[in-house]
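J.: predicted coordinates and the sequence they were generated for:
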Amino acid sequence: MEPEVVDSNILLPHYLSFKKVQMSEKYPKGQARGRHWKHLKQILQAENYLTYPSIEPNYVNIESPPSMYPSKKFCDITGFEAPYVDPRTNLRYANVDVFKRIRSLPNEYVQRYLALRNAAVVLR
């Protein structure tokens, strides 16, 4: 480097005052940047839930009321959310391409798809 560049304090300072949190403070050397998520097994071991009385709620015995939201309907063919139902076969579908496919299916295949959803009915 040239001596006049070194002598003039053009180099950036170690601490940047305009930054709210310095990266060196937030993530010290040797520490990972991302979050570390615990698995349910790790949470249960840390909580030592076996020593709790059985009436005290914990991750194992917690009960919740049924959902207030309506259950989501999924396409019987693709698995995407299905806003539509074919009136002839009662199969749910996500878009026009799937609807064309449903209309071309033989009756026995339609019955199999309905059986997978536990909605098997005798079609006319």
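T.: Alright, I've got the coordinates.
J.: assign the residue lying closest to residue 86 once chain neighbours are set aside to helix, strand or coil.
T.: The shortest distance from residue 86 to any non-neighbouring residue, by Cβ to Cβ, 6 or more residues apart in numbering, is to residue 102 (5.4 Å). Using the backbone N, CA and C atoms, a C-beta is placed for each residue, glycine as well. On the three-state scheme (DSSP: H, G, I helix; E, B strand; the rest coil), residue 102 is labelled helix.
J.: quick one, what contacts residue 102?
T.: 76, 77, 86, 89, 91, 93, 110 (Cβ atoms under 8 Å, 6 or more residues apart in numbering).
J.: could these go into a markdown table alongside secondary structure and neighbour count?
T.: Converted to a markdown table, the contacts of residue 102 look like this (DSSP: H, G, I helix; E, B strand; the rest coil; neighbours: other Cβ atoms under 10 Å):
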| residue | secondary structure | neighbour count |
| --- | --- | --- |
| 76 | coil | 24 |
| 77 | coil | 18 |
| 86 | coil | 16 |
| 89 | coil | 20 |
| 91 | coil | 24 |
| 93 | strand | 23 |
| 110 | helix | 21 |
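J.: relative to residue 82, how far out is the residue nearest to residue 86?
T.: To residue 82, residue 102 is 11 Å away according to Cβ to Cβ, to the nearest Å.
J.: touching both of these two, which residues are there?
T.: 76, 93.
J.: where does residue 80 land on pLDDT?
T.: What the model reports for residue 80 is a pLDDT of 94.
J.: hmm, it is touching residue 74, no?
T.: Yes: contact criterion Cβ atoms under 8 Å: residue 80 and residue 74 qualify, at 6.8 Å.
J.: what residues are shared contacts of the two?
T.: The overlap between the contact sets of residue 80 and residue 74 (Cβ under 8 Å, 6+ apart) is empty.
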